[in-house]
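structural data only, the sequence is not supplied:
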């Protein structure tokens, strides 16, 4: 028998706020989390792009000194988000062997890796910190969360580029359906405001070069869009079976109906221009959810603000939804947060859950001249959604042709 899976906790640290509560409030206020990067390494490396979505509240304001010393920033952001989500869920009592973490990252501990390499070159092998390997491992965030909260059913890690954390949430659904756990914390984190990703993405002409006005640089679907804006942070959802949630009197935000994953097998960085793989992921997610395309009322779109990617995603959605796509309230929240890479799907899934719970679709900022090839209902100011059951989806697509989609329903 299929179990009902529900969301009982949400947490985040992002360019919009140090908590999910603040991130959501500032998203609805149409704030931009994109700012000039003032670190001295911007000038030192002569980086061509000097702005991004930096976390609004630094980790040392939220974690102990020991935690910031022993965890890479990618793990720090994950731990902050997971702890907020866990507290938001009521810090439930659960048998540790029935509590699982499924976490994601796109890059992992890049700060630790590059700092250690600098130490090796400049000071020799004896000065490389003994905690280097545990700190740089992509599974570091999952391990830190599981140890902090006492999850012993597993500490899984997904690395699927920008689709990573959406895939983790889809995995969480499967874990709970199979009975692997009673509660799963799922999400993702990334610490990518770093000179190497900035230089590399700029070299491949993937980033916006709108240096005169960083706050408006991310322009999903706009005719003037010229690339994405790099962001950082993390987000977490607490997921559990409805039976378990009701038994402990938990508040329920929304129901997770299912997820879908596919691959393009097309190109290492470019999406399939026809959106075939992405469309399959959406169809798979809707099939697992047991809903039709016409049931969907809200989409938090991947919408990175790249000339090619935005069009490919729309083609995929048109394949699935047809004329109904014009009736769906679509939000493109990377305009406010930047692109959190492996953490993007998690924060956008969290925004989707909150949208359904509050019946408010969040706004898309900066889009003022819609591309003529794109005919959608883009939400540009907070919008009230309909009464009754509402279905919403969150979509994520990443380098390597990774596609992941999750489906939620209001309660």
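Great, that's in hand. Just so it is clear, the structure is predicted and the values come from calculations on it, not from any experiment.

excluding chain neighbours, what is closest to residue 71?
Leaving aside its sequence neighbours, residue 71 sits nearest to residue 144 (CB to CB, 6 or more residues apart in numbering; 5.8 Å). Just so you know, the C-beta spots here come from the backbone N, C-alpha and C atoms, and that holds for glycine as well.

neighbours of that neighbour, how many?
26 (other CB atoms under 10 Å).

the strands in the stretch 301-411 of the chain, which residues?
In the stretch 301-411 of the chain, the strands defined using DSSP state E, counting those that start in this stretch lie at 329-331, 360-361, 377-378, 383-384, 391-398, 402-410.

what's the closest of those strands to residue 254?
Checking the strands of the stretch 301-411 of the chain against residue 254 by CB to CB gives strand 402-410 as the closest, at 4.7 Å.

show the average pLDDT along the closest one.
Strand 402-410 carries an average pLDDT of 98.

tell me what it is packed against?
helix 164-178, strand 254-263, helix 276-289, helix 344-358, strand 391-398 (3 or more CB pairs under 8 Å, 6 or more residues apart in numbering; DSSP states H and E).

got the ones you listed as a markdown table, with distance to residue 1, mean pLDDT and mean neighbour count columns?
What follows is the helices and strands packed on strand 402-410, written out as a markdown table (distance: least, CB to CB, whole Å; pLDDT from 0 to 100; neighbours: other CB atoms under 10 Å):
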| stretch | distance to residue 1 | mean pLDDT | mean neighbour count |
| --- | --- | --- | --- |
| helix 164-178 | 10 | 98 | 26 |
| strand 254-263 | 15 | 98 | 23 |
| helix 276-289 | 15 | 98 | 22 |
| helix 344-358 | 24 | 98 | 28 |
| strand 391-398 | 21 | 98 | 29 |
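
mind checking the SS state of residue 102?
strand (DSSP: H, G, I helix; E, B strand; the rest coil).

who are the contact partners of it?
Residues near residue 102 by CB atoms under 8 Å, 6 or more residues apart in numbering: 142, 154, 156, 158, 168-169, 171-172, 175, 184-186.

on that earlier part again, out of the helices and strands packed on strand 402-410, flag the one nearest residue 310.
Nearest of the helices and strands packed on strand 402-410 to residue 310, taken as CB to CB: strand 391-398 at 10.8 Å.

give me the packing partners of the closest one, helices and strands only.
Using 3+ CB pairs under 8 Å, 6+ apart, strand 391-398 is in contact with helix 164-178, helix 276-289, strand 296-300, helix 307-321, helix 344-358, strand 402-410.

hmm, who's touching the fourth one?
So that's helix 307-321. 220-221, 225-228, 270-279, 282-283, 286, 293, 296, 299, 301-304, 325, 328, 371, 373-374, 376, 395, 397.

tell me the angle that helix makes with helix 276-289.
40 degrees (axes from the mean of the first three to the mean of the last three CA atoms, to 10 degrees).

repeat that for the third one.
Compare the direction of strand 296-300 with that of helix 276-289 by the same axes, to 10 degrees and you get 130 degrees.

strand 296-300 pairs with which strands, and in what direction?
According to DSSP bridges, strand 296-300 has the following sheet partners: strand 329-331 (parallel), strand 391-398 (parallel).

mind listing what's buried in the first one?
Which is strand 329-331. Using 16 or more other CB atoms under 10 Å as the test for burial, strand 329-331 gives 329-331.

hmm, back to that, relative to residue 193, which of the strands paired with strand 296-300 is closest?
With CB to CB, the closest approach to residue 193 among the strands paired with strand 296-300 belongs to strand 391-398: 18.5 Å.
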